[in-house]
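Chemist: model the following, please.
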Amino acid sequence: MKFPHFNWSAALVLGCALFSGGVMADSFFEVTVTNVTNVTKGMTFTPIMLATTRRGDLFFRLGDAASEEVATMAETGDLAPLMDSLDAYDITNSSFLPFLGPGESVTQMVAVRGSYRYLSIAAMLIPSNDTFFGAASVVMPYSYKPVVLNLPAYDAGSELNDELCDNLPGPGCGEDPGPFSDNGEGFIYISNGIRGGGDLDADALDFNNPVARVVIKRASGY
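Modeler: Okay, here's the model as predicted:
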């Protein structure tokens with residue numbers, strides 16, 4: 001039996017091209033998050049999660065009830081349950097920098113491969129009951145032109161906004177994070193800011209949206 005001639009040289013060239021083009025290899029991105037709340041008052045960010053996921057992996061949506069993992073993140077700053085719940089190719093958090101104050105920035109590197117080329121991001125704002133910022137399923141840029149996101153603050157709707165230090169983690173109140181609660185509004189919505197109805201001073205802490213500026217840039221040299 002005669003077999004058709006197979007061009008091994010062409011196959012090798014094609015295989016190398018696919019590997020170098022990112023089908024089999026990682027592409028790396030620098031993600032810089034800046035806290036753009038008012039530098040004279042403003043809010044502080046807890047460690048920030050970055051994850052590369054597939055398209056449509058929406059860990060939160062406006063108007064939906066927050067999952068237990070999102071509620072825990074939004075109420076306590078604890079990212080572990082949320083990170084464990086995501087189907088991510090690469091996932092990290094800025095725990096090396098526990099708090100990001102107004103006007104401060106942090107840069108982290110994440111990798112994408114194949115269909116895992118969408119960014120998920122989240123962090124809590126403190127002091128607050130259940131306020132966070134985030135984005136889900138943001139496509140990473142194919143070119144070296146940066147993508148800039150201006151993200152608002154969301155209320156997880158999982159805890160009553162009593163603004164009492166007994167229920168607020170982090171600096172300013174000094175309480176340890178407690179378990180998430182279920183007596184909030186019941187759905188995720190754009191945060192109303194700090195109202196000053198409990199132990200928090202609205203004049204010192206209230207903020208306007210957006211609260212975070214995110215710059216996604218393809219890393220050169222990889």
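Chemist: ok, residue 212 - contacts?
Modeler: By C-beta atoms under 8 Å, 6 or more residues apart in numbering, residue 212 lies in contact with 33, 34, 35, 36, 45, 123, 133, 149, 150, 151. C-beta: built from backbone N, CA, C; applies to glycine.
Chemist: for residue 140, which non-adjacent residue is spatially closest?
Modeler: Nearest residue to residue 140, sequence neighbours excluded (C-beta to C-beta, 6 or more residues apart in numbering): residue 117, at 4.9 Å.
Chemist: one more: residue 146?
Modeler: Using C-beta to C-beta, 6+ apart, the nearest residue to residue 146 is residue 217, at 4.4 Å.
Chemist: the helix or strand hosting the one you found: how far from the chain's middle?
Modeler: In this structure, residue 217 is located in strand 212-218 according to DSSP states H and E. From the chain centre to the centre of strand 212-218 is a distance of 11 Å (C-alpha atoms, centre = their mean, to the nearest Å).
Chemist: can you list the strands that it pairs with?
Modeler: With DSSP bridges as the test, strand 212-218 is paired with strand 27-35 (antiparallel), strand 147-151 (antiparallel).
Chemist: state the next helix or strand along the chain beyond the longest one.
Modeler: Counting by DSSP H and E, the next helix or strand C-terminal to strand 27-35 is strand 44-45.
Chemist: for that following strand, which outside residues touch it?
Modeler: For strand 44-45, contacts defined as C-beta under 8 Å, 6+ apart pick out 33, 35, 99-102, 123-127, 133, 170-171, 212.
Chemist: buried subset of those residues as a PyMOL selection?
Modeler: Buried residues within the contacts of strand 44-45, by 16 or more other C-beta atoms under 10 Å, are selected in PyMOL with:
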select buried, resi 33+35+100+102+123+124+125+126+127+133+170+212
